[in-house]
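> I would like to see how this sequence folds:
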Amino acid sequence: MPATESGPLAARLKAIIGGESVSSFARRCGIAESVLRTYLRDGRMPPLDKAAALAAAAGVSVDWLATGCGMRAVAQASPAYAVSGPAPAFVPGAPTLDAAVLEGVVKAVLQGQGGQASPEQAAAMILDLYERSIDRRQP
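As a prediction, this is how the structure comes out:
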């Protein structure tokens, strides 16, 4: 991941926290308040699991949080997916999920969060990481 200047990352963090208290936002993310305050002060990019938790709680993409580029908001509508496997469901026009990739992503999120993420946060992290994994596999 490219290095980012401390100012812009700290500004993006402040923007997603908005009027909420740092301690309240940290609780929603499952991150210690002191850790969040360190990111705000130093402007260093948090590890992926923490960045994903921050982004999920704020409804922004990890890419936007890390770089300020790309779409800020994560889409609120959930797409319909078909699942690949022994008996995939057919949903006309829907992308097909790769069950093996999805399983790996779910395992990584569960291990990284250790049960600390809310179902909404875990779902957002899983979706973000799954889409990144699939994008990297396409030519």
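
> Wait, residue 98 touches residue 134, no?
Yes. Using C-beta atoms under 8 Å, residue 98 is in contact with residue 134, at 6.9 Å. From N, CA and C alone the C-beta is placed, and that goes for glycine too.

> Return the residues in contact with the residue lying closest to residue 120 once chain neighbours are set aside.
Spatially, and ignoring its direct neighbours in sequence, residue 120 is nearest to residue 56 (7.0 Å; C-beta to C-beta, 6 or more residues apart in numbering). Neighbour list for residue 56: 29, 74, 117, 120, 121, 122, 123, 124, 125, 128 [criterion: C-beta atoms under 8 Å, 6 or more residues apart in numbering].

> in what helix or strand does residue 56 lie?
Assessed by DSSP states H and E, residue 56 sits inside helix 48-58.

> can you give me the mean pLDDT across that helix?
For helix 48-58, mean pLDDT rounds to 87.

> And the strands in the chain, which stretches?
82-83, 96-97 (DSSP state E).

> Least reliable of these by average pLDDT, please.
strand 82-83 (a mean of 50).

> measure the nearest residue to residue 69 once chain neighbours are set aside to residue 131 for me?
Leaving aside its sequence neighbours, residue 69 sits nearest to residue 63 (C-beta to C-beta, 6+ apart; 6.7 Å). Distance, residue 63 to residue 131, by C-beta to C-beta, to the nearest Å: 10 Å.

> who has more neighbours, these two?
The residue with more neighbours, out of residue 63 and residue 131, is residue 63; 17 against 13, by other C-beta atoms under 10 Å.

> Could you tell me how far that one is located from residue 45?
Distance from residue 63 to residue 45, by C-beta to C-beta: 12 Å.

> same check, this time on residue 110
For residue 110 relative to residue 45 (C-beta to C-beta), the value is 23 Å.

> More neighbours: which of those two?
For residue 110 versus residue 45, the count of surrounding residues by other C-beta under 10 Å is larger for residue 45: 19 against 14.

> Averaged pLDDT, the helix ranked longest in the chain. What do you get?
Of all the elements of type helix in the chain, the one with the most residues (DSSP state H) is helix 119-137. On average, the pLDDT along helix 119-137 is 74.
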